[in-house]
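Participant: only the shape, not the letters, is given here:
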Ligand SMILES: Cc1cc2nc3c(=O)[nH]c(=O)nc-3n(C[C@H](O)[C@H](O)[C@H](O)COP(=O)(O)OP(=O)(O)OC[C@H]3O[C@@H](n4cnc5c(N)ncnc54)[C@H](O)[C@@H]3O)c2cc1C
Ligand SMILES: Nc1ncnc2c1ncn2[C@@H]1O[C@H](COP(=O)(O)O)[C@@H](O)[C@H]1O
């Protein structure tokens, strides 16, 4: 069985997503173990620094180009990636499991007749086969799965696979102009939430819960987040109370995050909240209740009043950042 | 218009998950099952769309007899008809989607609502797979939905904002929290639902493309350090974050 691998590189506003570098490196590593070729494909109009993909072990990237494809179009992107994969004889396609990747991977998998594993957090090669691990039941269990069809599609959870130190290699760029893409489903506008970092993409998250007492106190969360170049997050209790926007909700019915650092302030750690953030690399909790479940998964905890702790924390962080 | 909603029957989000003795499914002892929370948004949007445009709604669920509870709840909320695609065996997402797609064809639905994600295996793919199998347009993770004639305008959640997406019927929409507030079933609805028939069908069996090798408990986390009980612990916390964890 051949093992020719294709990686989809995602851009937004012409900038390659960090999670695509992670997927590229993972694909290159798997390719090293399985043998076969590995290359990348991307779709958009102008894309910055495309050659950088080479630094993650991908020698060649094809850029399918058209100004109508600068924004995402599920129909056009599906069609183009599937055709590119079929024409090029690829057996395995990698995506980053971002909002775009999770939308695209299943469609492409149907078009190329592949089995699909999404939101993978580990990939291992055993006896020439890829075994994927993915969290299920909101991270309360892990499933080990194997795709048994000839063609395979994997989507990797962002922030989990280490992209490693980039080498000084550049990828060869092949630009292919696309004529009249299929725009039956198309994005006509992107509404940014005022330039703020999103919890799903941030390396650090500062999250507040009901212990913050009211929306007027969230300036503390925001200030700490700003100092740490972090995203601000929230528990469902405070989102439901209308203190914070829904986009900030972390948890089972909010976003699943895996930052390097998650700071939980006045969050009890209900099972549905843990579901969304338990895979964070380091967890800090400040809570006045020593029995709050958040302490069971926190690496570092302060059992105390957050209104007393936070101002000092903000000052200490200011010191190290200046 | 004919509108369908696909609903899955899942463990309550607060359930403790233990692995069953076969190593590939969960131990169901003491686990309560509920309508998948995201599918309630799908049910609500199907009902609202019918209220606006007229037509007929059907709820479809694939699974064992227990799924009838979820279908019953859909009927109680106001869905007109319910179909159980009865299959107790393990099916991967694609083979679930194939069965749903077949039934959607039989129903002649033009607009199909799904949840964003089933909170059992958390795949978040069955809606998109089904759409692609049917050749329907699809918008996933939708937080706002409007339909005017043939034209659909949605907002879908993405990292750091929302995308405004335009498409046309026939379409699949996968529902995210924020789309609407699901209604409660009225007493009248509950009584009426009890009398309704749930149509049972046997879906064609198709090969799985994905094999489930094992379910495992996640590696237990070492209990962390409690550094202190007030702000005097902050300098130590900052030191640990810099020197031990190296994250700030
Ligand atoms: C189907 C379903 C889905 C759900 N999905 C989610 C989800 O996605 N995300 C989510 O977060 N929740 C979710 N929940 C809700 C979840 O069960 C909890 O209700 C919620 O997470 C609680 O939020 P909280 O920790 O902010 O509030 P609480 O549980 O009220 O905790 C507040 C904490 O603040 C502490 N505190 C109070 N004052 C102070 C102070 N001055 N200093 C320090 N600490 C203080 C308290 O000790 C307490 O631990 C879901 C629930 C259901 C049923
Ligand atoms: N067995 C099933 N029966 C009916 N609908 C399902 C089933 N499994 C998944 N779905 C639908 O597909 C959505 C996404 O599920 P998943 O891709 O499994 O996370 C769910 O919210 C349901 O709307």
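Facilitator: It's in. Treat the numbers as computed from the prediction; the structure is a model and nothing was measured. Ligands and ions are numbered 1, 2, ... in the order given.
Participant: how about the helices in chain B?
Facilitator: Using DSSP state H, the helices of chain B run over B:37-53, B:67-77, B:93-107, B:126-134, B:187-195, B:234-239.
Participant: nearest to residue A:316, of those helices?
Facilitator: helix B:234-239 (4.7 Å; CB to CB). Bear in mind the C-beta positions are built from the backbone N, C-alpha and C, glycine included.
Participant: now do the buried residues in the closest one.
Facilitator: For helix B:234-239, a neighbour-count test (16 or more other CB atoms under 10 Å in any protein chain shown) marks B:234, B:237, B:238 as buried.
Participant: ok, the last one - contacts?
Facilitator: When you say that, I think you mean residue B:238. Listed by CB atoms under 8 Å, 6 or more residues apart in numbering or on different chains, the contact set of residue B:238 reads A:313, A:316, A:317, A:320, B:248.
Participant: from these, which would you call buried?
Facilitator: Neighbour counting over these (16+ other CB under 10 Å) leaves A:313, A:316, A:317, B:248 as the buried ones.
Participant: wait, residue A:124 touches residue A:145, no?
Facilitator: No: assessed by CB atoms under 8 Å, residue A:124 is found out of contact with residue A:145, at 11.5 Å.
Participant: could I get the pLDDT score of the nearest residue to residue A:143 once chain neighbours are set aside?
Facilitator: Distances taken as CB to CB, 6 or more residues apart in numbering or on different chains put residue A:136 closest to residue A:143, at 4.7 Å, once the chain neighbours are dropped. At residue A:136, the pLDDT value in this model is 95.
Participant: hmm, residue A:136 is touching residue B:122, no?
Facilitator: Yes: counting by CB under 8 Å, residue B:122 is a contact partner of residue A:136 at 5.7 Å.
Participant: so, low pLDDT: which residues of the chain?
Facilitator: I went with chain A, as the question did not name one. Chain A contains residues with pLDDT under 70 at A:1, A:195.
Participant: dump the residue contacts of residue B:203.
Facilitator: B:62, B:85, B:86, B:87, B:99, B:102, B:103.
Participant: make it 7 Å
Facilitator: Taking CB atoms under 7 Å, 6 or more residues apart in numbering or on different chains, we find residue B:203 in contact with B:62, B:85, B:87, B:99, B:102.
Participant: relative to ligand 1, how far out is it?
Facilitator: Residue B:203 sits 28 Å away from ligand 1, going by CB to the nearest ligand atom, to the nearest Å.
Participant: got it, and residue A:130?
Facilitator: In this view, residue A:130 and ligand 1 are 31 Å apart by CB to the nearest ligand atom.
Participant: how close does the closest residue to that residue other than its chain neighbours get to ligand 2?
Facilitator: Leaving aside its chain neighbours, residue A:130 sits nearest to residue A:123 (5.7 Å; criterion: CB to CB, 6+ apart). To ligand 2, residue A:123 is 20 Å away according to CB to the nearest ligand atom.
Participant: mind listing what the helix or strand containing residue A:123 pairs with, with the direction of each?
Facilitator: If you go by DSSP states H and E, residue A:123 is part of strand A:122-126. Strand A:122-126 sits in its sheet next to strand A:129-136 (antiparallel), going by DSSP bridges.
Participant: hmm, who's touching the partner strand?
Facilitator: Residues contacting strand A:129-136 (CB under 7 Å, 6+ apart): A:30, A:117, A:119-124, A:142-146, A:154, B:120-122, B:213.
Participant: and those, which of them are buried?
Facilitator: A:30, A:117, A:119-121, A:123, A:142-146, A:154, B:120-122, B:213.
Participant: phi, psi of residue A:207?
Facilitator: Reported as degrees, to the nearest 10, the phi and psi values for residue A:207 are phi -120, psi 140.
Participant: pretty sure it sits against residue A:233.
Facilitator: Yes: at 3.4 Å, residue A:207 counts as touching residue A:233 under the criterion of CB atoms under 7 Å.
Participant: which one of these two has more residues nearby?
Facilitator: Counted by other CB atoms under 10 Å in any protein chain shown, residue A:207 and residue A:233 do not tie: residue A:233 has more neighbours, with 36 against 31.
Participant: neighbours of residue 97, how many?
Facilitator: Going with chain A. The tally of other residues near residue A:97 (other CB under 10 Å) stands at 24.
Participant: ah, I was thinking of chain B
Facilitator: Neighbours of residue B:97 (other CB under 10 Å): 27.
Participant: what distance do you get for it to ligand 1?
Facilitator: Where ligand 1 is concerned, residue B:97 sits at a distance of 24 Å (CB to the nearest ligand atom).
Participant: can you tell me the closest non-neighbouring residue to that residue?
Facilitator: residue B:129 (3.7 Å).
Participant: in strands, which of the contacts of strand A:129-136 fall?
Facilitator: If you go by DSSP state E, the contacts of strand A:129-136 have A:117, A:119-120, A:122-124, A:142-146, A:154, B:213 in strands.
Participant: so which of these is the closest to ligand 1?
Facilitator: residue A:119 (16.2 Å; CB to the nearest ligand atom).
Participant: so the closest one makes contact with residue A:96?
Facilitator: No: using CB under 7 Å as the test, residue A:119 is too far from residue A:96 to be in contact (10.4 Å).
Participant: and the stretch 151-300 of chain A, which residues reach chain B?
Facilitator: Proximity of the stretch 151-300 of chain A to chain B is confined to A:184-193, A:197-198, A:200-201, A:228, A:246-247, A:252-253, A:260-261, A:271-272, A:282, A:284, A:295-300 under the rule CB under 7 Å from any CB of the partner chain.
Participant: buried ones among the residues you listed?
Facilitator: Buried, going by 16+ other CB under 10 Å: A:184-187, A:197-198, A:200-201, A:228, A:246-247, A:252-253, A:260-261, A:271-272, A:282, A:284, A:295, A:297-300, out of those.
Participant: in helices, which of those fall?
Facilitator: Among those, DSSP H puts A:271, A:272, A:295, A:297 in helices.
Participant: what's the nearest residue to the last one if we skip its chain neighbours?
Facilitator: Read it as residue A:297. Using CB to CB, 6+ apart and skipping residues adjacent in sequence, the residue nearest residue A:297 is residue B:221, 5.3 Å away.
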